[in-house]
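[1] A predicted structure for the sequence below; I have some questions about it.
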Amino acid sequence: MSDYLRKGFLLGLGAAVSGKEKFEQKVKELVEKNELTQEQARTVLDNFMEKGSSKKDEWDEKSREKKKDLARETGIATTEEIDELQARVSVLEEKLGVSSEENEAEVSAEKE
């Protein structure tokens, strides 16, 4: 499955790069035909890049949300949940007067 996602991502990236190059070429042609000034062309390209960047950020956020939903559905703990549990364990260890190193040593001894 991850191979399909990777190929899809690469396909999308290739299409985006190709589209950007074609767009830049079209703007350059418009400048050469004096239908756009250099300043207008720069503004158009800047706007195009800004929209692309904001769309990328939007896609990244949607991707993160989808991953979190998938993790919840499959029962996989998120990084935030693991961090929260580690903090809670640290608090409990502190209250009990036990350090993580001591716990690890005890667990290792029990395994042997």
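    Noted; the coordinates are in hand. Numbering: from 1, shown residues only.
[2] mean confidence score for the helix or strand hosting D60?
    Assigned by DSSP states H and E, D60 falls within helix 38-74. Throughout helix 38-74, pLDDT has a mean value of 84.
[3] same deal with stretch 11-18?
    73.
[4] Please identify the buried residues of that stretch?
    Judged by neighbour count (16 or more other Cβ atoms under 10 Å), stretch 11-18 contains no buried residues. For glycine as for every other residue, the C-beta is placed from the backbone atoms N, C-alpha and C.
[5] Averaged pLDDT, stretch 90-97. What do you get?
    pLDDT averaged over stretch 90-97 gives 91.
[6] how far out from the middle of the chain is that stretch?
    What separates the centre of stretch 90-97 from the centre of its chain is 35 Å, taken as Cα atoms, centre = their mean, to the nearest Å.
[7] In terms of helices and strands, where is the residue nearest to Q38 when sequence neighbours are not counted?
    Of all residues not flanking Q38 in the chain, V31 sits nearest, at 6.3 Å (Cβ to Cβ, 6 or more residues apart in numbering). Under the criterion of DSSP H and E, V31 resides in helix 2-32.
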